[in-house]
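> can't give you the sequence, but here's the structure:
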């Protein structure tokens, strides 16, 4: 298995563990001193223990649907839909690896919005999303 294939498998395992609530496996991908940034809320969580603690205290029922994982080497991007108590939020996770572990992750979140009628003649639905 190539290094990229191994990294992709670890990222897939991370998201699968997130979905099933397996917090130990979910966070095994992070270096002990990893950093997680949420730009929208201007928050930084430093260290695997703090990353895990802030996720563990989330009161909502969460579900994760992975749209696409792209990357290579030490830089990977996951496009996801995270559902909190039935409300979908689109998320992009940018993971930077060092020595096989995530050392820096930035997650961006965006709520869905209705398509503009002014673009209706130009747009088509994204396959598999409906």
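That came through fine. The structure displayed is predicted, hence computed values, not measured ones. Numbers count the residues shown, from 1 in each chain.
> find the nearest non-adjacent residue to the residue nearest the centre of the chain, please.
Residue closest to the mean C-alpha point of the chain, counted by C-alpha atoms, centre = their mean, is residue 93 at 4.1 Å. Closest residue to residue 93 apart from its sequence neighbours, by C-beta to C-beta, 6 or more residues apart in numbering: residue 78 at 4.4 Å. Glycine gets a C-beta too; all of them are placed from N, C-alpha and C.
> buried ones in the helix-or-strand element of the chain with minimal mean pLDDT?
In the chain, the helix or strand scored least confidently by mean pLDDT, DSSP states H and E is helix 48-56, which has a mean of 91. Across helix 48-56, burial judged by 16 or more other C-beta atoms under 10 Å covers 48, 51-52.
> between those, which is nearest residue 27?
Nearest to residue 27, judged by C-beta to C-beta, of those is residue 52 at 4.5 Å.
> that closest one and residue 59, how far apart?
16 Å (C-beta to C-beta, to the nearest Å).
> sorry, back to before: in this structure the residue nearest to the centre of the chain contacts residue 104, no?
No: at 11.2 Å, residue 93 does not count as touching residue 104 under the criterion of C-beta atoms under 8 Å.
> overlap in contacts, the two.
With C-beta atoms under 8 Å, 6 or more residues apart in numbering applied, the contact sets of residue 93 and residue 104 do not overlap.
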